[in-house]
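> using only what follows, build the 3D model:
(4 chains)
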2 protein chains.
Amino acid sequence: MPDTEKSAPRTPAAPTSVEEFRDRLACIAHGLPKRLRQCADHLSRNYDRIAVSTVADLAAGADVPPSALMRFCQLMGFSGFSEMQRMFREAYAPGWPDYATRLANLKDGTSGKPAALVGEFVEAGRLSLENLARTLDEAALDRAVALLSQSETRHIIGFRRSFPVAAYLAYVFEKMAIPAMLHDGVGKLDHRFALRSGDAVLAITFAPYSEDTLALALQARQRGIAVVAVTDQPSSPITQYADATLYVDEVDFGAFRSLSATLALAISLAVAIGAARERKGLPSPDKME
Amino acid sequence: MPDTEKSAPRTPAAPTSVEEFRDRLACIAHGLPKRLRQCADHLSRNYDRIAVSTVADLAAGADVPPSALMRFCQLMGFSGFSEMQRMFREAYAPGWPDYATRLANLKDGTSGKPAALVGEFVEAGRLSLENLARTLDEAALDRAVALLSQSETRHIIGFRRSFPVAAYLAYVFEKMAIPAMLHDGVGKLDHRFALRSGDAVLAITFAPYSEDTLALALQARQRGIAVVAVTDQPSSPITQYADATLYVDEVDFGAFRSLSATLALAISLAVAIGAARERKGLPSPDKME
DNA sequence: TGACGCTTGGAATATTTGTTCCATATAGTG
DNA sequence: CACTATATGGAACAAATATTCCAAGCGTCA
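You can find the predicted model right below:
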């Protein structure tokens, strides 16, 4: 191949469809300098606006000068922005990225298709979130924030389906430099002696309620340590041990539940705790990534 | 009303939506001179092209000179073509007016109260889910499902913010009796030798991309083991190693990101894999709780 | 530290695109 | 058939927009 030695003038064929564009973007996106990467990121998040924007608009959105965007277009194999835009204009079919219609398309695609599943779970997640916003018990939430922000160490426990939530909380607390311990059950150690007075437990459990979670909550209660529970129902056994209980009712699709609402509640709780501690001049949060 | 007698300078309010535009068109379309009628006909048949065309294009399409089209725009109540085009760009430039304003509202709503925070995170989650539905790449999803359903063992890896997602996937696979291994980094063991030919890796990573995740993906790629990536951007380094890449762009609130969309995608993936395996008569899923 | 190469921002320029205006054409009316 | 009113096309102009180019910045390697 003789052309490999000539590096500069090769024009590696401009994409002729949005798919090709995406592929090419994925190819060259690595090891791109800062500004060009900003272009790549912004465009990839806004394919739908390329057809109807000016260089200046898009450059502003990507927070780069217009000339950087021009360079990016050429890097993608186009002669300039206009040529790139022409491609997007030809492919432009308005109404496509409209959420409602797109969702409808996703869902009615014969039910075996993976994309249809995404549609269903998206819908389930949205319903769960709406439901959470509607039914949230503000007083209980305030109480939970008070208990957890005043404590020394927060002990987070949740298994099975609740484990991802517990893990996420541990991550967020870590990011905010708030002392917290994740009880992850590794090695079947229950770490019950890690509970110390002045601490608090944040227990997350849904039916079927995990024995280990209940046991830790009981332990805490017996020793006068505050317990905040996140659970599904007032009839949940954890409520007996809890000083504050937050209810989350996830909408399920088929046999499967998402965690959208639970996670939204969890992160709100964490951030509120961070804010409360900041107000009191306690170790201040680094913001997380 | 004195102004009715003055006919020329009245500016009968430009349409502000496509519906209004259509109504107005219907009103004035009768008894229009030839060229203007051609404009009306052509535009009404090509609403979707108005946002992405030039005066010259549309005029050529309607087979009239550009000046005729200009007159038509003014007749419709716009100051000129640009103003008319702006309306079309805004009106159904992809789902925007709504999405953009909601996003803007999100950014500055900071009352500090815990309940308000929940509202914000609920909204962020909903936006993320809508966004996922809008931008999902069905082809990539199908590819991912194919790769992961055909493999022997699925290796799931994700750290930091991605860890909850990985953990949830591991849980769901377990429930469905699908062989999977969660690489959790306990004891700093990287378990790279657990990868065997015929397996597949499902790697989840967001900026800042975890070294360990990238390392495992690279390892897999070098040994010809399929890699499916879930990440945020084409510029993410993981895409270099991936046979199929799924993009999720979570909306953030303040410095914090929810996981709603990522989890919705993850669970869809898992369920689709379960269904695909069932069709092939492979070890059949118990449904999860 | 100094020189090299790549990246960056912005100002200058080129091009495209929109808009106005007027001479001409056409249709309608007394 | 003239005369008026309205419609039309195109050329000239104005504005917006894309594109290029170069001086300055920055990091890297000798």
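> from here on, just use CA atoms for contacts and neighbour counts.
OK.
> is it correct that residue A:230 falls within a strand?
Yes: counting by DSSP: H, G, I helix; E, B strand; the rest coil, residue A:230 is found in a strand.
> if I read this right, it contacts residue A:241, doesn't it?
No: contact status for residue A:230 versus residue A:241: not in contact, 11.8 Å apart, counting by Cα atoms under 8 Å.
> neighbour count for those two, which is higher?
Neighbour comparison, residue A:230 and residue A:241: the larger count goes to residue A:230, with 25 against 21 (by other Cα atoms under 10 Å in any protein chain shown).
> all helices for chain A, in order.
A:18-28, A:34-45, A:47-50, A:55-62, A:66-75, A:81-91, A:99-108, A:114-135, A:138-150, A:163-175, A:211-222, A:260-279 (DSSP state H).
> among those, which comes closest to residue B:206?
helix A:34-45 (13.0 Å; Cα to Cα).
> counting by contacts, list what that closest one packs against.
Judged by 3 or more Cα pairs under 8 Å, 6 or more residues apart in numbering or on different chains; DSSP states H and E, helix A:34-45 is in contact with helix A:55-62, helix A:66-75.
> could you check which residue of the stretch 151-289 of chain A lies nearest chain B?
Per Cα to the nearest Cα, residue A:164 is where the stretch 151-289 of chain A lies closest to chain B, at 4.1 Å.
> leaving out sequence neighbours, find the closest residue to that residue.
residue B:164 (4.1 Å; Cα to Cα, 6 or more residues apart in numbering or on different chains).
> list the buried ones in the worst-scoring helix or strand of chain A on mean pLDDT?
Every helix and strand in chain A was compared by mean pLDDT, DSSP states H and E; the lowest is helix A:99-108, with a mean of 77. Within helix A:99-108, the residues that qualify as buried are A:99, A:102-103, A:105-107, counting by 16 or more other Cα atoms under 10 Å in any protein chain shown.
> if you look at stretch A:231-244, does any of it touch chain B?
No: shown here: stretch A:231-244 not in contact with chain B (Cα under 8 Å from any Cα of the partner chain), separated by at least 13.6 Å.
> with the flanking residues excluded, which residue is spatially nearest to residue A:79?
residue A:73 (7.2 Å).
> tell me the spacing between that neighbour and residue B:239.
To residue B:239, residue A:73 is 21 Å away according to Cα to Cα, to the nearest Å.
> do the same with residue A:19
15 Å.
> and these two? which has more neighbours close in?
Per other Cα under 10 Å, whichever of residue A:19 and residue B:239 has more neighbours is residue B:239, with 24 against 11.
> quick check: the more buried one touching residue B:229?
Yes: with contact defined as Cα under 8 Å, residue B:239 reaches residue B:229; the gap is 6.8 Å.
> who touches both of these two?
Shared contacts of residue B:239 and residue B:229 (Cα atoms under 8 Å, 6 or more residues apart in numbering or on different chains): residue B:245.
> neighbours around residue A:123, how many?
Residue A:123 is flanked by 22 other residues according to other Cα under 10 Å.
> so how far is DNA strand C from the spatially closest residue to residue A:244 that is not a sequence neighbour?
Nearest residue to residue A:244, sequence neighbours excluded (Cα to Cα, 6+ apart): residue A:228, at 4.9 Å. From residue A:228 over to DNA strand C the distance is 48 Å, taken as Cα to the nearest atom of the strand, to the nearest Å.
> ok, now residue A:62?
Counting by Cα to the nearest atom of the strand - residue A:62 and DNA strand C are separated by 10 Å.
> and if you look at residue A:55?
Residue A:55 is 11 Å from DNA strand C, by Cα to the nearest atom of the strand.
> for residue A:203, same thing?
46 Å.
> ditto for residue A:36
Distance from residue A:36 to DNA strand C, by Cα to the nearest atom of the strand: 5 Å.
> the closest residue to that residue other than its chain neighbours: how many residues sit nearby?
Spatial nearest neighbour of residue A:36, excluding adjacent residues (Cα to Cα, 6+ apart): residue A:72 at 6.0 Å. Around residue A:72 there are 21 other residues, counting by other Cα under 10 Å.
> for the stretch 101-250 of chain A, give the residue positioned nearest to DNA strand D.
residue A:175 (26.2 Å; Cα to the nearest atom of the strand).
> so that residue versus residue A:67, what's the distance?
Taking Cα to Cα, one finds residue A:175 at 37 Å from residue A:67.
> those two: which has the busier surroundings?
Neighbour tally, residue A:175 and residue A:67, criterion other Cα under 10 Å: the higher count belongs to residue A:175, 15 against 12.
> quick check, pLDDT for the more buried one.
With respect to pLDDT, residue A:175 has a value of 91.
> likewise for the one 3 residues further on?
Reported pLDDT at residue A:178 in the predicted model: 94.
> could you redo the helices and strands packed on helix A:34-45 as TSV and give each row mean pLDDT?
Below are these laid out as TSV (pLDDT from 0 to 100):
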stretch	mean pLDDT
helix A:55-62	95
helix A:66-75	95
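> what's the most buried one of these?
Among these, helix A:66-75 has the highest mean neighbour count (mean count of other Cα atoms under 10 Å in any protein chain shown), at a mean of 18.
> is that one anywhere near DNA strand C?
Yes: counting by Cα under 7 Å from any atom of the strand, DNA strand C has neighbours in helix A:66-75: A:66-68.
> list the helices and strands that helix packs on?
Counting contacts by 3+ Cα pairs under 8 Å, 6+ apart, helix A:66-75 is packed against helix A:34-45, helix A:55-62, helix A:81-91.
> for residue A:170, find the nearest of these.
helix A:34-45 (29.3 Å).
> next, the buried residues of that closest one.
Buried positions in helix A:34-45, judged by neighbour count with 16+ other Cα under 10 Å: A:35-45.
> and which of those is nearest DNA strand C?
Nearest to DNA strand C out of those is residue A:35 (Cα to the nearest atom of the strand; 4.1 Å).
> run through the residues of chain A sitting next to DNA strand D.
With Cα under 7 Å from any atom of the strand as the criterion, chain A meets DNA strand D at residues A:53-56, A:66-67, A:70-71, A:79-83.
> hang on, the earlier thing: burial count for the residue nearest to residue A:164?
23.
> hang on, isn't it packed against residue A:165?
Yes: judged on Cα under 8 Å, residue B:164 makes contact with residue A:165 at a distance of 6.7 Å.
> quick one: end-to-end length of stretch A:150-157, please.
18 Å.
> picking that back up, check contacts around the residue nearest to residue A:164.
With contacts defined as Cα under 8 Å, 6+ apart, the neighbours of residue B:164 are A:163-165, A:167-168, B:158.
> pLDDT at it, what is it?
Looking at residue B:164, its pLDDT reads 97.
> just the one 3 residues further on next, same as before
Each residue has a pLDDT score; the one for residue B:167 is 97.
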